[in-house]
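S.K.: quick check, what structure comes out for this input:
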Amino acid sequence: MSSIRIPDPIRIGLVSDEPIRLEGLASIFDQPAQEGHARLIPVTGTLDELLARSTLEYLVVDLHSSSVGLKALKAIRHRRPGIRLIVIGPQGNDQLVLDSIIAGARAYLESTAGPDTVRTAIEVVTGGSIWAPRRLLSKLIDRLLKVPHSGLTSAGPHLTGRERQVLELVLMARSNREIARQLGIEERTVKAHVGRLMRKTGADNRTELSMRVLNRSLLADADIHDRRQALASHPSRKPVTD
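M.R.: Numbers count the residues shown, from 1 in each chain. Below you'll find the model as predicted:
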């Protein structure tokens, strides 16, 4: 008789300055894990305390907190580059969503999102993918894969229109079968596109593909920032455009 292996529990840090919001976030974890999914355990504390826990790999960050903003997200990314962030913030601000993802967020949830949606987003992130509106993923890919004017040593890989569509859906954690159904193509064709995307980015699997695409944005963003800082110190230099 075969037994189903229960995944090890995953601890999720919760960051919010407001006790009521923190209590609401913690209540999301009251429901039992679905079959085959790891149990999620909330961990609370100050941001410094949570970042000091080297085994903590995920943080839910409430952007409504007075001390938490994009600068904090970038600081978290600098201190713990491997940590994955689930951000909850105001709705209707597409630029904030994109900026949050560029700053290291793997999910952006509007403050109106219900407990089930938040829980699903967390499970998507712990599964190695990202959670964001599809209309923004296209903009994100544009920003990540365009040839940068900032002087990076390697240009972004050239993608065909179909490869871009497949990549968007891979970032949304869609299976090959789901991608094939949505795009109206054969599943084997999807596999071929994913294989080419992996070769173009040097990734060994789908999770690494997503991470390489997202991490490229962090390198480009940091390079542009550093050059703008240098320009501010030396006004005679040519401006950087992006």
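
S.K.: can we go C-alpha only for contacts and neighbour counts from here?
M.R.: Fine.

S.K.: contact partners for D99?
M.R.: Residues in contact with D99 (C-alpha atoms under 8 Å, 6 or more residues apart in numbering) are L70.

S.K.: after the helix or strand hosting it, which helix or strand is next?
M.R.: Using DSSP states H and E, D99 sits within helix 94-102. Note on helix 94-102: by DSSP H and E, the next helix or strand toward the C-terminus is strand 105-110.

S.K.: so which elements touch the next helix or strand after that following strand?
M.R.: Later in the chain than strand 105-110, the nearest helix or strand by DSSP H and E is helix 115-126. Helices and strands touching helix 115-126, by 3 or more C-alpha pairs under 8 Å, 6 or more residues apart in numbering; DSSP states H and E, are strand 84-89, strand 105-110.

S.K.: CSV please, covering these and showing distance to Y58 and mean pLDDT.
M.R.: Below are these laid out as CSV (distance: least, C-alpha to C-alpha, whole Å; pLDDT from 0 to 100):
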stretch, distance to Y58, mean pLDDT
strand 84-89, 5, 90
strand 105-110, 10, 87
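
S.K.: quote the end-to-end distance of stretch 78-89.
M.R.: From its first residue to its last, stretch 78-89 covers 21 Å (C-alpha to C-alpha, to the nearest Å).

S.K.: hmm, back to that, mind listing what's buried along the helix holding D99?
M.R.: Residues 97-98, 100-102 are the ones in helix 94-102 that count as buried (16 or more other C-alpha atoms under 10 Å).

S.K.: and the angle from that helix to strand 105-110?
M.R.: Orientation check (axes from the mean of the first three to the mean of the last three C-alpha atoms, to 10 degrees): helix 94-102 against strand 105-110 gives 150 degrees.

S.K.: rewinding a little: turn the buried residues of helix 94-102 into CSV, columns for distance to F29 and pLDDT.
M.R.: Output for those, formatted as CSV (distance: C-alpha to C-alpha, whole Å; pLDDT from 0 to 100):
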residue, distance to F29, pLDDT
V97, 24, 82
L98, 27, 78
S100, 24, 83
I101, 24, 78
I102, 27, 73
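
S.K.: turn these into CSV, columns for distance to H193.
M.R.: Converted to CSV, the buried residues of helix 94-102 look like this (distance: C-alpha to C-alpha, whole Å):
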residue, distance to H193
V97, 27
L98, 25
S100, 28
I101, 24
I102, 25
